[in-house]
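Q: The following block contains a protein sequence and its predicted model.
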Amino acid sequence: MAYKDVYARWQADPEAFWMEAAQAIDWDEAPSQALFDRGDDLFEWYADGKVNTCWNAVDRHVAAGRGDQVAIIHDSPITGSQQKITFAELQTRVATLAGALRAKGVEQGDRVIIYMPMVPEALEAMLACARLGAVHSVVFGGFAANELAVRIDDATPKAIIAASCGLEPGRVVKYKPLLDGAIDQASHKPDFCVILQREQEIARLTEGRDHDWHSFQMGVAPADCVPVAGNHPAYILYTSGTTGAPKGVVRHTGGHLVALNWTMKNIYDVDPGDVFWAASDVGWVVGHSYICYGPLIHGNTTIVFEGKPVGTPDAGTFWRVISEHRVKSFFTAPTAFRAVKREDPQGALIKEYDLSSLKTVYLAGERADPDTILWAQDKLGVPVIDHWWQTETGFAIAANPMGIEPLPVKIGSPSVAMPGYDVQILDDAGHEMPRGELGAIAVKLPLPPGTLPTLWNAEDRYRKSYLTTFPGFYETGDAGMIDEDGYLYIMARTDDVINVAGHRLSTGGMEEVLASHPDVAECAVIGVSDPLKGQLPVGFLCLNAGCSRTQDEITGEVVKLVRDKIGPVAAFKLAVVVDRLPKTRSGKILRAIMVKIADGQEYKMPATIDDPAILDEIRSALQTLGYAK
């Protein structure tokens, strides 16, 4: 079937569409229906079914005779080690860990916080919780103690599973002092902690509370999979909130299984047994959906990568991993490719590896600027597919459905809405905008299976955050447009649309122009306050390695480029060269913080910031332009 036929089939009968998709999952008790309308714009999927995530991700593949297939490849260029774990081995390891947790009192519905680096044990901990019906909450390894404490108090975990350390190029990040500090600060205290000791840092265990990962599991009976209701929470994942307090996104078990399994073939075009690699971290939603759950549920081999796109040891590490492990589909963030492109603009290192296994590259996590996509297409010789989704949705809202029908790529667009998503562009009053006009991107309720049904212990906040601005719709917080062919364009977060003398302009559109300059490796545009025009755009440029031209030459050229491509209406006259841009660990540029610095406003240091020192560099650059006073 063509994409339009599949989408039309979903539109005509969503219930039948999602009940059919649910047949690919092993149910202990099949659901009687797909959608449950709880009233007042609250919905649940497969609520009366009984199912277990770990069975579907691990045990069923062993039962089907595929226990010898590699489930997880751990590749750590930082330690120089590799490990392969089959589905049969994974089943034993997860069942044993689950048995040890059960012996210490962890039961269905209990919460467990996981605070781990990129090691296979992180996935084993997630799956062991799922095996018991416990609700896990993965917190990015190395998060500050006070941020971890906030999550401990919100989730009230019975246990915390952590590692002694994480590894960055050239340094060891000690996790145990951060964990101890968080528990000290938190009002809620876990019953016990399990610590994976890594040879790079042996942590001191707290007697009576902390248990060594290996001795903790000795002599325990393995645990069987516990069937849970389809609407039982699989996990809580905290995402940053506008108030500074994290929002606990909840994922229900049944819809999570069905949706992720459906995406692996229909969006990513992989078959069971193929190697799928998402170069992310288990602390982010991509790590949940496409390092741990999606590939394993579908029977793919997944890669757990402990390294960086550059510096471990060079800008060819992605290509080495793809070549060595015969990766078919590769998923990363545009910022990772920009880092590689900056270090190796000609793609010389690509030529050193056999990438014949690679069929498709997928980008998400932020807007993929056309220049990065064109560079990757040219150097890799495979389709480079931008797609768009959020922590809240758990899988793609808009994508190019490569496993249904590869659609023509329109550079700058994540293509079209996936089944389950009725995406509309709305004005401030909630009226649908004409095709081609910029507005707020919203999704008509109900959202599809696998998306958030609520926030953890915060239903009122869920409504306020997502449902009140446009009644009957989920507010994405992104701005964009839909063209005549139904292709979606994500132009900016709604708060990144700037108003210059009454003209609503997308900072993303300006960034596209700046990124097209041959010497610009990466860029960001923000709107700063201006007494005459309301706001003015300011561009920040990171240049390619080895660029020999003067900063004045390049800033002059990009100003002219924006004038030529967007027009004088943009009033783009200010650009500055910086070494780095402030980002979250997942690669998102912290534009809102940059605006606050420019306008001299107070701001809360984001918990997810990669390197706080970069903000001082941004402040200094803005001061040279007369801002950040």
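A: Ah, there it is.

Q: Could you look up the SS state of the residue located most distally from the centre of the chain?
A: Farthest-out residue of the chain from its mean C-alpha position, per CA atoms, centre = their mean: Leu532, at 38.8 Å. Three-state call for Leu532 (DSSP: H, G, I helix; E, B strand; the rest coil): coil.

Q: Next: the one 10 residues further on.
A: In terms of secondary structure, Cys542 is strand; the call rests on three-state DSSP.

Q: do the one 3 residues further on as well
A: Using three-state DSSP, the structure places Ala545 in coil.

Q: thought it was touching Pro345?
A: Yes. With contact defined as CB atoms under 8 Å, Ala545 counts as touching Pro345 (7.3 Å). Using the backbone N, CA and C atoms, a C-beta is placed for each residue, glycine as well.

Q: The two: which is more packed in?
A: Shown here are Ala545 and Pro345; by other CB atoms under 10 Å, Pro345 has more neighbours (18 against 12).

Q: That one reaches Val520, doesn't it?
A: No. Counting by CB under 8 Å, Pro345 stays clear of Val520, with 10.8 Å between them.

Q: Overlap of the contact sets of these two?
A: With contacts defined as CB atoms under 8 Å, 6 or more residues apart in numbering, the residues adjacent to both Pro345 and Val520 are Asn544.

Q: quick one, strands of the stretch 1-150 of the chain?
A: Shown for the stretch 1-150 of the chain, the strands assigned by DSSP state E, counting those that start in this stretch span residues 35-39, 42-45, 50-51, 70-76, 81-86, 111-115, 135-138.

Q: all strands for the stretch 451-600 of the chain, in order.
A: According to DSSP E, counting those that start in this stretch, the strands that the stretch 451-600 of the chain contains are 473-482, 488-493, 497-500, 503-506, 520-530, 534-543, 574-577.

Q: Could you export the strands of the stretch 1-150 of the chain as a markdown table, including mean neighbour count?
A: Shown next, in a markdown table, are the strands of the stretch 1-150 of the chain (neighbours: other CB atoms under 10 Å):
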| stretch | mean neighbour count |
| --- | --- |
| strand 35-39 | 13 |
| strand 42-45 | 21 |
| strand 50-51 | 22 |
| strand 70-76 | 21 |
| strand 81-86 | 14 |
| strand 111-115 | 26 |
| strand 135-138 | 26 |
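
Q: Redo these as a markdown table? Include mean pLDDT.
A: As requested, those are arranged in a markdown table below (pLDDT from 0 to 100):
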| stretch | mean pLDDT |
| --- | --- |
| strand 35-39 | 96 |
| strand 42-45 | 98 |
| strand 50-51 | 98 |
| strand 70-76 | 98 |
| strand 81-86 | 98 |
| strand 111-115 | 98 |
| strand 135-138 | 98 |
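
Q: Please identify which of those strands is closest to Asn300.
A: strand 70-76 (8.6 Å; CB to CB).

Q: Take the closest one, keep the C-alpha atoms, and write them as PDB.
A: The C-alpha coordinates for strand 70-76 follow below in PDB (Å, rounded to 0.1, in the frame of the first residue of the first chain):
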ATOM      1  CA  VAL A  70      22.700 -10.800  19.000                       C
ATOM      2  CA  ALA A  71      20.400  -8.500  20.900                       C
ATOM      3  CA  ILE A  72      22.800  -5.900  22.200                       C
ATOM      4  CA  ILE A  73      26.200  -4.700  20.900                       C
ATOM      5  CA  HIS A  74      28.100  -2.600  23.300                       C
ATOM      6  CA  ASP A  75      30.700  -0.500  21.600                       C
ATOM      7  CA  SER A  76      32.900   1.800  23.800                       C
END
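
Q: List the contacts of that strand.
A: For strand 70-76, contacts defined as CB under 8 Å, 6+ apart pick out 58, 61, 81-87, 89-90, 118-120, 123, 167, 275, 296, 301-307, 321, 324-325.

Q: Any of those residues buried? List them.
A: 58, 61, 85-87, 89-90, 118-120, 123, 167, 275, 296, 301-307, 321, 325 (16 or more other CB atoms under 10 Å).

Q: got a list of what Ala417 touches?
A: Tyr7, Ile397, Ala398, Val423, Gly486, Leu488.

Q: was I right about the fifth one contacting Val416?
A: Yes. Shown here, Gly486 and Val416 form a contact pair, counting by CB under 8 Å, at 5.4 Å.

Q: out of these two, which sits in the busier spot?
A: Val416 (21 against 16).

Q: which residue packs closest to Met118, ignoring adjacent ones?
A: Closest residue to Met118 apart from its sequence neighbours, by CB to CB, 6 or more residues apart in numbering: Glu306 at 4.1 Å.

Q: Pretty sure the one you found sits against Pro120.
A: No. If you go by CB under 8 Å, Glu306 and Pro120 don't touch, sitting 10.1 Å apart.

Q: all strands for the stretch 251-400 of the chain, in order.
A: So, for the stretch 251-400 of the chain - with DSSP E, counting those that start in this stretch - the strands run 275-278, 301-305, 329-332, 360-363, 384-386, 398-399.

Q: between the ones you listed, which gets nearest to Ala186?
A: strand 301-305 (28.5 Å).

Q: Packing partners of the closest one?
A: Strand 301-305 sits against strand 70-76, helix 120-132, strand 275-278, helix 294-298, helix 317-325, with contacts defined as 3 or more CB pairs under 8 Å, 6 or more residues apart in numbering; DSSP states H and E.

Q: repeat that for 7 Å
A: Secondary-structure packing of strand 301-305 (3 or more CB pairs under 7 Å, 6 or more residues apart in numbering; DSSP states H and E): strand 70-76, strand 275-278, helix 317-325.

Q: okay, those in CSV with distance to Lys410 next?
A: Formatted as CSV, the helices and strands packed on strand 301-305 follow (distance: least, CB to CB, whole Å):
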stretch, distance to Lys410
strand 70-76, 34
strand 275-278, 24
helix 317-325, 25
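
Q: closest one to Met481 among these?
A: strand 275-278 (28.3 Å).

Q: in its sheet, what does that closest one sit against?
A: Its sheet considered, strand 275-278 pairs with strand 301-305 (parallel), strand 329-332 (parallel) by DSSP bridges.

Q: Any chance of JSON lines for those, columns mean pLDDT?
A: Listed next are the strands paired with strand 275-278 as JSON lines, based on pLDDT from 0 to 100:
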{"stretch": "strand 301-305", "mean pLDDT": "98"}
{"stretch": "strand 329-332", "mean pLDDT": "97"}
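
Q: Wait, Trp213 touches Leu196, no?
A: Yes. Using CB atoms under 7 Å, Trp213 makes contact with Leu196 at a distance of 4.2 Å.

Q: Give the intersection of the neighbour lists for those two.
A: Glu121 (CB atoms under 7 Å, 6 or more residues apart in numbering).

Q: re earlier: and of the strands of the stretch 451-600 of the chain, who's closest to Val558?
A: Of the strands of the stretch 451-600 of the chain, nearest to Val558 by CB to CB is strand 574-577, at 5.3 Å.

Q: For that closest one, C-alpha coordinates in CSV please.
A: This file holds the C-alpha atoms of strand 574-577, laid out as CSV (Å, rounded to 0.1, in the frame of the first residue of the first chain):
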residue,chain,number,x,y,z
LEU,A,574,24.1,41.4,13.6
ALA,A,575,26.3,38.3,13.5
VAL,A,576,29.1,37.2,15.7
VAL,A,577,31.6,34.2,15.6
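
Q: Let me see the mean pLDDT of that strand.
A: Averaging pLDDT along strand 574-577 gives 96.

Q: same check, this time on stretch 278-298
A: 96.

Q: Could you point out which residue ranges in the stretch 451-600 of the chain have low pLDDT?
A: Within the stretch 451-600 of the chain, the segments meeting pLDDT under 70 span 492-496, 502, 504.

Q: Tell me how far Ser81 lies from Asp48.
A: The spacing between Ser81 and Asp48, counted by CB to CB, to the nearest Å, is 46 Å.

Q: No further questions, thank you.
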